[in-house]
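Participant: Here you go, sequence then predicted model.
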Amino acid sequence: MTLIFIRIFFIILSVVLGFQIGSFVQVKGLDFALIGAAIGCIAAMSIILFEFAMRKVSVRGLSSAVFGLIFGLIMAKLVSDTLALVHLDESVLYSLKVALTLIFCYLGMIIAIRGRDEFNIIVPYVKFSRQDQRDEFVILDTSVIIDGRIADIANTRFLEGKFVVPRFVLKELQQVADSSDSLKRARGRRGMDILSKLQKNKNIDVKIHNEDFREIQEVDAKIVKLARVLGAKVFTNDYNLNKIAEIQGVKVLNVNELANALRPVVLPGEGMDVRLIKEGKEYNQGVGYLEDGTMVVVDNGRRSIGQSVRIIVGSVLQTAAGRMIFGKLQENIKRNRK
């Protein structure tokens, strides 16, 4: 709404200015005030259309272009002053100065725009900050937003810094929410709800980042690129993204690894309660699960399927898929001891 008001105000001022300038022009008794007002209106509309066409130009790209232009002007000035030491004809020297200015400005802008992602300080938008108070950025990918556990982690205040949601991740999340597949649609809408919940959380700062790397097609590659540009960490539970980021030297916060690290330690000989829900692969085994998803395999537990039983832990096996606990029914152990 503010942008619309500014545009309307700009058009009105342009019309008034055109009217004033036109009123000073008198040719054969004709009043050019209305013509000037019309020209002012057309000029304002043209500038607004040009502004619409530049909506996809990022502040980073514009800043880089300005930096390159300034650098080109400085280089052209230095080379021109050097040539001025040589006795040349004034017209030739003037032509060389113009040519050098155009060449250096063009090269400076092109080089700066191509390397805009490598700028740590962007001119002229220079931000000074203390080195010991550097902001930490954490980029969220689509999978970790849909997963939902990040909302609970954020409430614990264990994570510091600012959460960054790239625009292309938000777009991918919207595509999932609009999917024709009912399951994907439900997952996408859950992700949108989680993101809304994060934005309302006063304990954290969530920002939508508009930088998009159009030359890169894959979302995972864009996330890694943005993380390298911002010096940020990536928060995900995607195994492939985790590996890609680590290979390129980007720090990764993996929800699944955090969940595995927080699982309670179970030692052989300890007792625990578990509800058996299905048969195991081996003869007469029963299988149950803890609240964190850990599989519990119980010998001679087949007859207790559907019941909560007390078991004694025999061994704990850590696999790529997670942790598995093997145990025996406590009553069987007592019976054997008797």
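Facilitator: Received it, and whenever you're ready, just let me know what you need.

Participant: okay, CA-based contacts and neighbour counts for the rest of this
Facilitator: Will do.

Participant: Just the buried positions in the one helix or strand L241 maps to, please.
Facilitator: L241 belongs to helix 239-247 when assigned by DSSP states H and E. The neighbour-count criterion (16 or more other CA atoms under 10 Å) identifies 241-242, 245 as the buried residues of helix 239-247.

Participant: For the chain, which residues score under the pLDDT cut-off?
Facilitator: 1, 26-31, 56-60, 115-135, 262, 319-322, 332-338 (pLDDT under 70).

Participant: measure D220 to D212 for me?
Facilitator: 12 Å (CA to CA, to the nearest Å).

Participant: what's the burial count for R7?
Facilitator: 15 (other CA atoms under 10 Å).

Participant: Tell me who's in contact with L253.
Facilitator: Contacts for L253 (CA atoms under 8 Å, 6 or more residues apart in numbering) come out as 233-236.

Participant: Please narrow the residues you listed to those residing in strands.
Facilitator: Using DSSP state E, 233-236 are the members of the contacts of L253 that sit in strands.

Participant: and of the residues you listed, the nearest to F158?
Facilitator: Using CA to CA, the shortest approach to F158 within these belongs to F235, at 13.4 Å.

Participant: thinking again about what came up before, dump the helix holding L241 to PDB, keeping only the CA atoms.
Facilitator: The C-alpha trace of helix 239-247 is given here as PDB (Å, rounded to 0.1, in the frame of the first residue of the first chain):
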ATOM      1  CA  TYR A 239      20.900 -36.800   4.000                       C
ATOM      2  CA  ASN A 240      22.000 -35.800   0.400                       C
ATOM      3  CA  LEU A 241      22.000 -32.100   1.200                       C
ATOM      4  CA  ASN A 242      24.000 -32.900   4.400                       C
ATOM      5  CA  LYS A 243      26.700 -34.600   2.400                       C
ATOM      6  CA  ILE A 244      26.800 -32.000  -0.400                       C
ATOM      7  CA  ALA A 245      27.200 -29.200   2.100                       C
ATOM      8  CA  GLU A 246      29.900 -31.000   4.100                       C
ATOM      9  CA  ILE A 247      31.900 -31.600   0.900                       C
END
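
Participant: For the residue nearest to the spatial centre of the chain, which residues are in contact?
Facilitator: With distances taken as CA atoms, centre = their mean, P166 lies nearest the centre of the chain, 2.9 Å away. Listed by CA under 8 Å, 6+ apart, the contact partners of P166 are 139-140, 208-212, 223.

Participant: cool, F19 as well?
Facilitator: 32-37, 40.

Participant: Who are the packing partners of the helix or strand hosting V274?
Facilitator: Using DSSP H and E, V274 sits within strand 271-279. Packing partners of strand 271-279 (3 or more CA pairs under 8 Å, 6 or more residues apart in numbering; DSSP states H and E): strand 286-289, strand 308-319.

Participant: C-terminal to the shortest one, which secondary structure element comes first?
Facilitator: The element immediately downstream of strand 286-289 (helix or strand, assigned by DSSP H and E) is strand 295-299.

Participant: what about the helices in this structure?
Facilitator: Per DSSP state H, the chain carries helices over the ranges 2-23, 33-53, 59-84, 90-114, 142-147, 149-155, 167-177, 182-200, 219-230, 239-247, 255-261, 330-337.
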